[in-house]
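Q: sequence first, then the predicted structure:
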Amino acid sequence: MEHAAEDLRAAGLRVTRPRLAVLAEVAAHPHADVETIATGARARLGSLSTQAVYDVLHALTAADLLRHIEPAGSPARFELARGDNHHHLVCRACHDVVDVPCATGEAPCLQASDDAGYLIDEAEVTYWGLCPACLAATATTAAAGATARAAAAPPPRHRAGESDPRITTP
Ligand SMILES: [Zn+2]
Ligand SMILES: [Zn+2]
Ligand SMILES: [Zn+2]
């Protein structure tokens, strides 16, 4: 918490209880969405309006204390800015977000095939896929589906010679 107060002062921001609460929540829940942060900050402070949470998030992001990410189809999420240019793995099924270090170590990680005269300073990299839990759930569902189909299939015909009363063995 003292750390957070120093960070605020270093960024030229006044140290306020809402700012400390939001920083503490984001530190405790990396990649949290606004609702999660607001609920946690409210629990710490007793009360805090959603608008106040947005204001704090905006100020902290503008001061580079927080990093804002917004994977497609997911609400805005926040994490402490570490200046490490790390990237994210996002699960398509449950929207879980996990940090992954930059493969090249510094921005921009990808060279544009044509920079069109721009001075490029960042390539935004998001890896999409299925997290281990969703992958396991998918595999289980698929297996269950296969079992259900097998059970629904008509039983195999009796082979000749088996205990089928219609077949008379000579
Ligand atoms: Zn998942
Ligand atoms: Zn992250
Ligand atoms: Zn990278």
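A: Sure thing, it's come through. Numbering: from 1, shown residues only. Ligands and ions are numbered 1, 2, ... in the order given.
Q: tell me which residue is most central in this protein.
A: Val97 (1.7 Å; CA atoms, centre = their mean).
Q: angles on the backbone of that residue, please.
A: phi -120, psi 130 (degrees, to the nearest 10).
Q: quick check: closest non-adjacent residue to it.
A: Distances taken as CB to CB, 6 or more residues apart in numbering put His31 closest to Val97, at 4.1 Å, once the chain neighbours are dropped. Heads up, the C-betas are built off the backbone N, CA and C, glycines and all.
Q: any idea how many residues pack against the closest residue to Asp96 other than its chain neighbours?
A: Spatial nearest neighbour of Asp96, excluding adjacent residues (CB to CB, 6+ apart): Cys131 at 5.0 Å. Cys131: 18 surrounding residues under other CB atoms under 10 Å.
Q: confirm for me that the residue nearest to the centre of the chain is in contact with His86.
A: No - at 11.2 Å, Val97 does not count as touching His86 under the criterion of CB atoms under 8 Å.
Q: surely Glu79 is in a strand?
A: Yes - inclusion of Glu79 in a strand is indicated when DSSP: H, G, I helix; E, B strand; the rest coil is applied.
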